[in-house]
Each structure stands twice: as C-alpha cells, then as structure tokens.
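Chemist: sequence first, predicted coordinates after that:
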Amino acid sequence: MTPATQGHLAMLLFSALVAGSFPLGAAAANDISPLALNAVRFVLAAAIIGAAVAVTGGVSRDAWRAPWRYGVLGGVFAVYFVLMFEGLKTAVPVSAAAVFTLTPVMAAGFGWLLLRQVTTPRIALALALGAFGALWVIFRGDLAALRAFDVGRGEWIYLLGCAAHAVYTPLVRRLNRGESALVFTFGTLCAGAFALVAVGLPALLATDWTALPARVWVAIGYTAVFASAATFTLLQFASLRLPASKVMAYTYLVPAWVALWSVALGGALPPAGIALGVLVTVLALLLLLRDDDARNSI
C-alpha cells in the first residue's frame, strides 16, 4: 500500500469519525457551553495521546525543537473553534455548513502559498464536484433552499474560522521536521488545549459539572477520543502523505456521513433527493484518488 493510499484511507475514517460528533454533540448542545465542552475534550484528548506516546516510546528531545511550531498549529485550530462558535451565535447552522464546504478550495490556495502545490485541472474539477455534492446534501436536494442562501455577519465570521482550518493542513507538512504523527499530534493538542482553556475559562467556571446529564458525558467522551485524539492523529498522518486540497476534500463526505449516523442513532431516513449529492461527492473523491504525474501538483 502506497503512502498516498494510506493517507486517503486515513481521511476516509477521519470524515466518518468527525461526522459522528454532529448528532452526538447536537444532543448535548443545550446542556453545556460549546466552549466548555471543547476545552475539556482537548484536555482529555491531549492526555489520551500523551499516554499513547508514552507507551510507544515517549517523546525524544529532538521532537521539542522549535516548540513554537506546536503553538502555531494549536493556535490555528483554536482560532477555528473560537470563530466557529462565535459565528454560530447568529449564523443559521445550514448556512454555516455550506460555508464549511469552501474549506478544501481555500486549502488548495494555502497549499500553493506555503508549499507551491499546483492544482491540476482534474483536481480543480474534483473540488468543484465535491463542493456541489456537499451543498446538495446539506440543503437536502432542495434548490429553493439553496437559492435562498444568505451570507450574514455570522457566516462571514465562520468563513474566517474555515480559513484557519484550511491553512492548518499545509502548515502540518511545512512545520513537521520528521516527528511521527502521534508525537506531532500530542504537541498540537497540548497547545490547542491551553488556548481553548484560556478562552473558555469563564464558561468552564460557570458550568455545574455535577448536574450534567449522561448524554453530555457521552458527547465529551466521543469527541475527546474519536473526534479529537483519533481525528487529529489521522489528519496529521494524512497531511504528511497527501497535498492539502486532497486532505481537506474529504470534508465533502461529512454531510453524507452525518445522514448515516443519524439513521444509525434512530433518526429518520434522509430524503431520496440527497442521493445525487452523495454520488457526486463519491465521484469527486474517485477523481482525487488518481495519482498525479507532477510531484508537486494536487
């Protein structure tokens, strides 16, 4: 199995795990501040990855060369979460999800700026198809809902957050100096946890932790283990093997995974109309799976 294939499989699993946090998080959304939940999940995820690093040989002294790199990566991801929650104060969730589909295109731009990765016509077509398919799924095949999309203040704030998410992927490859994905993830999570705890301290202090229902702890546990520790490792792993736009293109699958998660958790079947969007995103990913001839092309 080639490194590129390993990266694609990692991102396929990444998209499925990320999607699971949406229905579970929605169940607990009204019981706890999102900032408090995310601060706790980052701390727990850092502890989990730290334990895994210790078991697998620990962190070498060389891994802490230029520790500012972890600060940059952790800070960038913390900015994404802070701006996401700030934007969602006024943005309609469906509109915010549509904004998120712009992340792979922005990742391609940042990939060129930081790594001089050049987008080929085929990959540009795949990105366009993926964006269309994801939007179709998000708006559940309703053209009227798609035409009514209105970009407000919250959406613009979240767009800045998505830009931070997009720049994170090429930064991983640019700043990594040979550290393993696990060690690099540990450093990034520690920095991100520090940033989120600092930002979310008022929410953490205001939360009555003893009165939280069980669904909140389920959401915290899942997001910490699967949607943080595991997905961060998978993202780091894939970012070292794939160009930025290919990595971020897997976000197009998240809406389809969310629909499957909702059904698995007892929700209703999605409308048949969204099948077109799912098929288009699969087609886009098949285009992305083909290898390019140019070494630095995406």
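Modeler: On my side now, so go ahead.

Chemist: could I get the full set of helices for this protein?
Modeler: Using DSSP state H, the helices of the chain run over residues 3-28, 34-55, 68-87, 93-100, 103-115, 121-138, 143-147, 153-175, 181-206, 214-224, 231-239, 244-249, 254-264, 275-289.

Chemist: return the most buried member of those.
Modeler: Most buried of the helices of the chain, by mean neighbour count (mean count of other CB atoms under 10 Å): helix 244-249, with a mean of 30. C-betas here are computed from N, CA, C, even on glycine.

Chemist: elements contacting it?
Modeler: helix 3-28, helix 103-115, helix 121-138, helix 153-175, helix 231-239, helix 275-289 (3 or more CB pairs under 8 Å, 6 or more residues apart in numbering; DSSP states H and E).

Chemist: which helix or strand in this structure has the lowest average pLDDT?
Modeler: helix 93-100 (a mean of 66; mean pLDDT, DSSP states H and E).

Chemist: residues in contact with residue 261?
Modeler: Neighbour list for residue 261: 19, 20, 22, 23 [criterion: CB atoms under 8 Å, 6 or more residues apart in numbering].

Chemist: distance-wise, check it relative to residue 222.
Modeler: Distance, residue 261 to residue 222, by CB to CB, to the nearest Å: 11 Å.

Chemist: now do the shared contacts for those two.
Modeler: Common contact partners of residue 261 and residue 222 (CB under 8 Å, 6+ apart): residue 20.

Chemist: dihedrals phi and psi, residue 240?
Modeler: phi -90, psi 0 (degrees, to the nearest 10).

Chemist: check contacts around it.
Modeler: Taking CB under 8 Å, 6+ apart as the test, what residue 240 contacts is 7, 172, 173, 176, 181.

Chemist: residue 18 versus that one, what's the distance?
Modeler: Relative to residue 18, residue 240 is positioned 19 Å away (criterion: CB to CB).

Chemist: test my guess that residue 53 contacts residue 187.
Modeler: No. Counting by CB atoms under 8 Å, residue 53 stays clear of residue 187, with 9.5 Å between them.

Chemist: how about residue 21: what's its closest non-neighbour residue?
Modeler: residue 227 (3.9 Å; CB to CB, 6 or more residues apart in numbering).

Chemist: and that neighbour, how far from residue 45?
Modeler: Using CB to CB, one gets 9 Å for the distance from residue 227 to residue 45.

Chemist: swap in residue 31?
Modeler: The value you get for residue 31 to residue 45, if CB to CB is used, is 20 Å.

Chemist: remind me which residues of the stretch 1-150 of the chain are low pLDDT?
Modeler: 59, 61-63, 88, 91-98, 117, 119, 140, 145-150 (pLDDT under 70).

Chemist: adding distance to residue 143, write the contacts of residue 261 out as CSV.
Modeler: Formatted as CSV, the contacts of residue 261 follow (distance: CB to CB, whole Å):
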residue, distance to residue 143
19, 24
20, 29
22, 24
23, 26
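
Chemist: low-confidence ranges in the stretch 151-298 of the chain?
Modeler: Looking at the stretch 151-298 of the chain by pLDDT under 70, you get 151, 245, 268-271, 273, 288-298.
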